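**Student:** What follows is a predicted protein model with its sequence.
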Amino acid sequence: MRKQKKLLAVILSIIMIFSLAACGNNSNDEETIFNVATSGGHDTMNFFTTESSLVYDWLNILYDSLIAYDDEYNAIPRAAKDWTVYDDGKTWTFNLRDDIYFSDGEQLTSADVKWTYEHAIDSYMYSTHADGFESIECPDEFTVVFNCSHPKPDMLYQIIPILPEHVWANVEDPLTYETTDIVGSGPFRYDSARSGSGSTAFVKNGEYWGDVPKLDVLVFTKYDNTDAIAQALKLGEVDAAYTLEITQKETLEAAGNIDVQTFGTYDFEYVGYNLLDDICKDKTVRHAIDYCIDRDTVIEMSYAGLAEVAYGAVTQKDYRYDPADKRDFNIKKANEILDAAGYKDTNGDGIREMNGKKLSLEVITASDRSSWQSATVNMLITNCKEAGIEITWNPMEKTAMWDTCYDGNPGWQLIIDGWGGDADPGFIMCIFRDYEDTGYAGVSYQSKAFDNMYAKVYQTTDHKERAKYINDCQEILYEDCPYSYLCFPEVIQAVNSERWKGYKAGENGFFGNELNYNYCHIELK
């Protein structure tokens, strides 16, 4: 009998162990995890030095900003519950909410806003928006006043993460600060335990003052290419795709359970010229190459028609540049201006020379974009050859490309790459301003005429005046031609609509559109 009782006790113990294990598994199963596949990694989570649009997305969910955007990109309250503007746009007063707390329990106050904005001028991504502040005052814990040297038309375009002063003020060098213990006040918190090996994870902030995310965990997983992303989406290994290509769009649409859509962006693609190079510094050569670019072919062959021709950097339709004298595809014109400038083929090899130096240039691209950029590069090689310009192609790993072309290195000539702006139509052109080294544009472009005109873009709140200054800036850039603009590409994104609901298709995408609505509202069906 005792043996039977002992055996029964053992059996009951085993049952309890498995029951507890089962409860644990159920708990894990009930944890709502949303996994977004990306084709690119990120550089750093540091507010000051990141150059990644993906990290921009992450900062927007880790921290609060003074304002947010609605679906039409109008400013709406976030950390600031309201605001008032005085003195023709020179003085802005923001009244803060008093129920916002950082993840370490400290309350968000006007001191945090003041510290962030005073130091944002040192950041890569936010310095333009921080320009023009004469002083920032904190009359009390929840009021902050910005006194500006000129009207500040971009004040309500600023999605600047508010950093905790009590953390960052003690950092020896904010520009090099790296930590996995991120203290933020946003709807998500960084999860260092789940991050690593190509994944970056965030857990919901259940004490968030605003809309608490429906998700428990948000994960971004890096894949080597978009083919791998599409396959993972079809197999259910991920729930959404941050970016896809046209070939995957058609395949995923046929699956029937995936919502695949195409969106406009604030991005533009370009051919950039290193103005430190002896050949590229000649504007005639740059104009000739511009005439050799068949943008219609670029859009059709590299983007499957999902792009629009670009003549400037500003994507917003009300501000797009439409030059009166376009340098559209015209090889005859390219030959004419090179002839007039004295570039001749003296030995009959088909390549022009000047002072004994061949008109031979190398174009660099990122190797992870080579599959779809090859048509653009081959078009450039073929058409330039007809104008007597030799083009060779050097695809390289993206980080190596950036290190080569954006650090004042004179040892390169052409690059094909892209930039992305934000809701402020003037912001993207800050890359062309004169900086101590190469500027953000990376091509060592310097123009006092442009700098002076660009300053005017941020010194008026009159819409018509601002539109004129933005147009004038683009006119200067088009003539100087530090870039040959190619197109405004669209982006393809996808969500598994069979499993998920609550998300919206915004004007600029499901994700990466300066809105965090979908990250907070998407939920299992």
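**Tutor:** Perfect, thanks for sending it.
**Student:** Okay, helices next: where are they in the stretch 151-300 of the chain?
**Tutor:** With DSSP state H, counting those that start in this stretch as the criterion, the stretch 151-300 of the chain has helices at 165-168, 226-235, 246-255, 283-291, 295-297.
**Student:** worst average pLDDT in the ones you listed?
**Tutor:** With a mean of 88, helix 246-255 has the lowest mean pLDDT of the helices of the stretch 151-300 of the chain.
**Student:** Could you list the low-confidence segments of the stretch 51-200 of the chain?
**Tutor:** For the stretch 51-200 of the chain, applying pLDDT under 70 flags the ranges 124-125.
**Student:** repeat that with 80
**Tutor:** For the stretch 51-200 of the chain, the stretches with pLDDT under 80 are 51, 87, 122-129.
**Student:** How are the strands of the stretch 251-400 of the chain distributed by residue range?
**Tutor:** Applying DSSP state E, counting those that start in this stretch to the stretch 251-400 of the chain gives strands spanning 258-263, 267-273, 307-309, 353-354, 357-358, 360-366, 390-396.
**Student:** what do you get for the stretch 401-525 of the chain?
**Tutor:** Using DSSP E, counting those that start in this stretch, strands in the stretch 401-525 of the chain cover 414-420, 483-489, 491-496, 500-501, 523-524.
**Student:** deepest of the strands of the stretch 251-400 of the chain, which one?
**Tutor:** Most buried of these, by mean neighbour count (mean count of other C-beta atoms under 10 Å): strand 267-273, with a mean of 24. (Each C-beta comes from the backbone N, C-alpha and C, glycine too.)
**Student:** what's the spacing between it and its chain's center?
**Tutor:** Mean C-alpha position of strand 267-273 versus that of the full chain (C-alpha atoms, centre = their mean, to the nearest Å) differs by 14 Å.
**Student:** got the angle between it and helix 283-291?
**Tutor:** 140 degrees (axes from the mean of the first three to the mean of the last three C-alpha atoms, to 10 degrees).
**Student:** ok, residues contacting strand 267-273?
**Tutor:** With C-beta atoms under 8 Å, 6 or more residues apart in numbering as the test, strand 267-273 has contacts from 280, 286, 289, 293, 298, 307, 310, 312-313, 315, 363, 380, 405, 413-421, 428, 441-443, 481-489, 491.
**Student:** May I have that strand as PDB, with CA atoms only?
**Tutor:** Output of strand 267-273 as PDB, limited to C-alpha atoms (Å, rounded to 0.1, in the frame of the first residue of the first chain):
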ATOM      1  CA  ASP A 267      13.300  59.500 -50.700                       C
ATOM      2  CA  PHE A 268      15.300  60.300 -53.800                       C
ATOM      3  CA  GLU A 269      18.000  58.300 -55.700                       C
ATOM      4  CA  TYR A 270      20.900  60.000 -57.400                       C
ATOM      5  CA  VAL A 271      24.300  59.900 -59.000                       C
ATOM      6  CA  GLY A 272      26.800  61.800 -56.800                       C
ATOM      7  CA  TYR A 273      30.000  63.400 -58.000                       C
END
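**Student:** Give the pairing partners of that strand; include direction for each.
**Tutor:** Looking at strand 267-273 with DSSP bridges, its partner strands are strand 414-420 (antiparallel), strand 483-489 (antiparallel).
**Student:** Now those strands in TSV, please, with extra columns for mean neighbour count.
**Tutor:** Putting the strands paired with strand 267-273 into TSV (neighbours: other C-beta atoms under 10 Å) gives the following:
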stretch	mean neighbour count
strand 414-420	21
strand 483-489	24
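**Student:** Quick one: closest of those strands to E51.
**Tutor:** strand 414-420 (10.1 Å; C-beta to C-beta).
**Student:** Give me the residues contacting that closest one.
**Tutor:** 53, 265-274, 280, 289, 313, 361-366, 373, 376-377, 391, 401, 405, 428, 431, 442, 486, 489.
**Student:** and what of stretch 102-119?
**Tutor:** Contact partners of stretch 102-119, identified using C-beta under 8 Å, 6+ apart, comprise 48, 64, 66, 79, 94, 96, 98, 100-101, 130, 133, 136-144, 146, 160-169, 174, 182-185, 189, 205.
**Student:** for it, which positions count as buried?
**Tutor:** By 16 or more other C-beta atoms under 10 Å, the buried positions in stretch 102-119 come out as 102-103, 108-117, 119.
**Student:** Buried members of the contacts of stretch 102-119 into ChimeraX, please.
**Tutor:** Entered in ChimeraX, the line below selects the buried ones among the contacts of stretch 102-119, by 16+ other C-beta under 10 Å:
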select :48,64,66,79,94,96,100,130,133,136,138,142,143,144,146,160,161,162,163,164,165,167,168,174,182,183,184,185,189,205
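**Student:** For V171, which residues are in contact?
**Tutor:** V171 sits next to Y177 when contact means C-beta under 8 Å, 6+ apart.
**Student:** Same check on R369?
**Tutor:** Residues near R369 by C-beta under 8 Å, 6+ apart: K398.
**Student:** let's see it at 10 Å
**Tutor:** Taking C-beta atoms under 10 Å, 6 or more residues apart in numbering, we find R369 in contact with S39, G40, N225, E269, S302, T376, P395, K398, M401, I416, D417, G418.
**Student:** excluding its backbone neighbours, what's nearest K222?
**Tutor:** G198 (4.4 Å; C-beta to C-beta, 6 or more residues apart in numbering).
**Student:** Against S444, how distant is that neighbour?
**Tutor:** 35 Å (C-beta to C-beta, to the nearest Å).
**Student:** Looking at those two, which one has more neighbours?
**Tutor:** Shown here are G198 and S444; by other C-beta atoms under 10 Å, S444 has more neighbours (21 against 12).
**Student:** wait, that one sits on K281?
**Tutor:** Yes. The pair S444 and K281 qualifies as a contact (C-beta atoms under 10 Å) at a distance of 9.0 Å.
**Student:** okay, now I299: neighbour count?
**Tutor:** Counted by other C-beta under 10 Å, the residues lying close to I299 total 22.
**Student:** Which one of the strands of the stretch 401-525 of the chain lies nearest to N335?
**Tutor:** Ranking those by proximity to N335 (C-beta to C-beta) places strand 483-489 first, at 17.1 Å.
**Student:** Any idea how far that closest one is from the middle of the chain?
**Tutor:** Put simply, strand 483-489 sits 16 Å off its chain's centre (C-alpha atoms, centre = their mean).
**Student:** Kindly report the same for stretch 518-525.
**Tutor:** For stretch 518-525, the distance to the chain centre is 23 Å (C-alpha atoms, centre = their mean).
**Student:** Straight-line length of it, end to end?
**Tutor:** 14 Å (C-alpha to C-alpha, to the nearest Å).
**Student:** Return the set of buried residues in that stretch.
**Tutor:** N518, Y519, C520, I522.
**Student:** so N394 touches C405, yeah?
**Tutor:** No. Look at N394 against C405 with C-beta under 10 Å: they stay out of range, at 11.0 Å.
**Student:** Now render the contacts of R369 as CSV, adding distance to C384 and pLDDT.
**Tutor:** Shown next, in CSV, are the contacts of R369 (distance: C-beta to C-beta, whole Å; pLDDT from 0 to 100):
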residue, distance to C384, pLDDT
S39, 29, 87
G40, 29, 72
N225, 28, 86
E269, 18, 96
S302, 17, 90
T376, 12, 95
P395, 17, 93
K398, 24, 82
M401, 20, 89
I416, 13, 96
D417, 18, 92
G418, 21, 91
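**Student:** picking that back up, CSV for the helices of the stretch 151-300 of the chain, including distance to K357?
**Tutor:** Below are the helices of the stretch 151-300 of the chain laid out as CSV (distance: least, C-beta to C-beta, whole Å):
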stretch, distance to K357
helix 165-168, 51
helix 226-235, 40
helix 246-255, 41
helix 283-291, 12
helix 295-297, 29
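**Student:** Right, I'll leave it there.
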